[in-house]
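Enquirer: Can you look at this prediction? I've put the sequence above it.
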Amino acid sequence: MSHSVELSGIGMTFGTTRAVADVNFKVEPGEFFSILGPSGCGKTTILRMIAGFIHPTEGTVRIGGEDMAGRGPNQRPTAMIFQSLALFPLMPVWENIAFGLEARGVGKAERRKKADDLLRLIALEGYGDRMPGELSGGQRQRVAIARALAVEPGVLLLDEPLSALDLKLRQHMRAELRALQKRTGVTFIYITHDQSEALAMSDRVAVMSAGVLQQVATPRELYENPATPFVARFVGETNAIKGRVTASEGGIVTLDTPMGALRGRGTAQAGQGATLFVRPEALIPGGGTLAAQIDRVDFEGAFALVHGRLPDGSALTASVGSTDLARAPAPGAEASFGFAPEHAVVLADA
């Protein structure tokens, strides 16, 4: 049975370092929930507090509605997968999977049956008697997941488990992890600094920066409606243009910038300093108020990225589909770009 996880006013201090400050969110039972942020933002600290390896300086961790205060890792309905996977190299695959059951006194025949059931679940049926060294990186990853699931946790905690894999295998494992989570119904809490990983797999994502929770939302909401300038810059590619608000009406904000008046969605008020964020794919070559000197064009296969400089020296990136490459400006040329106000977001400066 999957469990909810609720963090209320969670804070963590190490000596004089404030690692996590006043974090509040709730993960629903059966949800794939990711915590996204750069290195050192506090995301692994949060995961370790949920697991019970460390206890918060303040606040409450509830799992399945129960306060976890005073309970260690072995007293919580959680299992954790680390970056290193930590499979036992001299133990066959099935014994690796059943290791937690052996520690709980489960008999060998029952352990083997459970391991074989889980091997079928992770599409490795018949691999039980192989050694971990005989498996590929992706197969070892699946064995680590099966080992965690063997003890039937209500919550599975994953600390950047795909970071050691190459790009192609990471992309393949994303789909496998997501499918496995849906099949089992177990609550997944996934730590990553890779935005594409979080967006591709998660039901919802919490974005962290310097120990502070910036926003919790669905992947699409994060991408289309970032709540803070940090989220706008961290989640996906974007163009950021600074200015001062001159008008705000009907959810559309007008910003005075070195490139002239620009408009986008937002709630910033007249007189505030603010930044307009517009995604590369929202920029339309030929026409518009953004004039740029083109530095280079990077062909990426399905699309090309046009990189240039605005008059104030700031960078501009536009995405052009492969079928429209004839419209892409050449390096060294001057080009203009436009965008619809509803495809840009204006956020007040902190």
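Expert: Perfect, thanks for sending it.
Enquirer: Every contact and neighbour count from this point should use C-alpha atoms.
Expert: Will do.
Enquirer: Now do the contacts for residue 26.
Expert: 4-7 (CA atoms under 8 Å, 6 or more residues apart in numbering).
Enquirer: Widest-spaced pair of the residues you listed?
Expert: Of all pairs drawn from the contacts of residue 26, the widest gap by CA to CA lies between 4 and 7 and measures 10.2 Å.
Enquirer: which residues are in contact with both of the two?
Expert: Counting by CA under 8 Å, 6+ apart, the contacts common to residue 4 and residue 7 are 26, 62.
Enquirer: pull the longest helix from this protein.
Expert: Of all segments of type helix in the chain, defined using DSSP state H, the longest is helix 167-184.
Enquirer: about what we covered before: look at residue 4 and residue 7 and report which has more neighbours.
Expert: Taking other CA atoms under 10 Å, residue 4 and residue 7 do not tie; residue 7 has more neighbours (21 against 18).
Enquirer: Heading C-terminal from the host helix or strand of the more buried one, find the next helix or strand.
Expert: Here residue 7, judged by DSSP states H and E, is contained in strand 5-14. Note on strand 5-14: by DSSP H and E, the next helix or strand toward the C-terminus is strand 17-27.
Enquirer: List the strands paired with that following strand, with their directions.
Expert: According to DSSP bridges, strand 17-27 forms sheet pairs with strand 5-14 (antiparallel).
Enquirer: Could you pull up the mean pLDDT of the partner strand?
Expert: Averaging pLDDT along strand 5-14 yields 97.
Enquirer: who's in contact with that strand?
Expert: 18-29, 56-65.
Enquirer: What of stretch 155-163?
Expert: 2-4, 44, 47, 51, 77-85, 141, 148-149, 170, 173, 186-193.
Enquirer: residues making contact with the helix or strand just after the longest helix of the chain?
Expert: Following helix 167-184 in sequence order, the next helix or strand is strand 187-192 (DSSP H and E). Residues from elsewhere that reach strand 187-192 (CA under 8 Å, 6+ apart): 2-4, 28-37, 43-44, 47, 154-160, 181, 198.
Enquirer: Please repeat the previous calculation with a cut-off of 7 Å.
Expert: If you take CA atoms under 7 Å, 6 or more residues apart in numbering as the criterion, strand 187-192 is touched by 2-3, 29-37, 43-44, 154-160, 198.
Enquirer: That strand - which strands sit beside it in the sheet, and in what orientation?
Expert: Strand 187-192 pairs in its sheet with strand 32-36 (parallel), strand 155-159 (parallel), by DSSP bridges.
Enquirer: follow-up on the earlier one: mind giving me the packing neighbours of the longest helix of the chain?
Expert: Under the contact criterion of 3 or more CA pairs under 7 Å, 6 or more residues apart in numbering; DSSP states H and E, helix 167-184 touches helix 195-201.
Enquirer: now the helix it packs on, how far from the centre of its chain.
Expert: 5 Å (CA atoms, centre = their mean, to the nearest Å).
Enquirer: try stretch 256-276
Expert: From the chain centre to the centre of stretch 256-276 is a distance of 29 Å (CA atoms, centre = their mean).
Enquirer: The stretch 101-250 of the chain: helices as residue ranges?
Expert: 108-121, 137-150, 167-184, 195-201, 219-224, 229-234 (DSSP state H, counting those that start in this stretch).
Enquirer: How confident was the prediction at the residue nearest the centre of the chain?
Expert: By CA atoms, centre = their mean, the chain has its centre lying nearest to residue 198, at 2.9 Å. With respect to pLDDT, residue 198 has a value of 93.
Enquirer: any idea how far residue 86 is from residue 61?
Expert: Going from residue 86 to residue 61 by CA to CA, to the nearest Å gives 27 Å.
Enquirer: When those two are compared, which one has more neighbours?
Expert: Per other CA under 10 Å, whichever of residue 86 and residue 61 has more neighbours is residue 61, with 25 against 11.
Enquirer: who's the closest residue in space to residue 62 that isn't next to it in sequence bridged to?
Expert: Excluding its sequence neighbours, the residue lying closest to residue 62 (CA to CA, 6 or more residues apart in numbering) is residue 6, at 5.1 Å. Note on residue 6: beta-bridge partners by DSSP bridges are residue 26, residue 62.
Enquirer: Need the pLDDT of residue 299.
Expert: 85.
Enquirer: Who are the contact partners of it?
Expert: Residue 299 neighbours (CA under 7 Å, 6+ apart): residue 305.
Enquirer: Kindly report the same for residue 264.
Expert: With contacts defined as CA under 7 Å, 6+ apart, residue 264 is in contact with 252-254, 276, 341-342, 344-346.
Enquirer: One more: residue 123?
Expert: Counting by CA under 7 Å, 6+ apart, residue 123 touches no other residue.
Enquirer: what's it sitting at in phi/psi?
Expert: When read as degrees, to the nearest 10, the backbone of residue 123 gives phi 60, psi 40.
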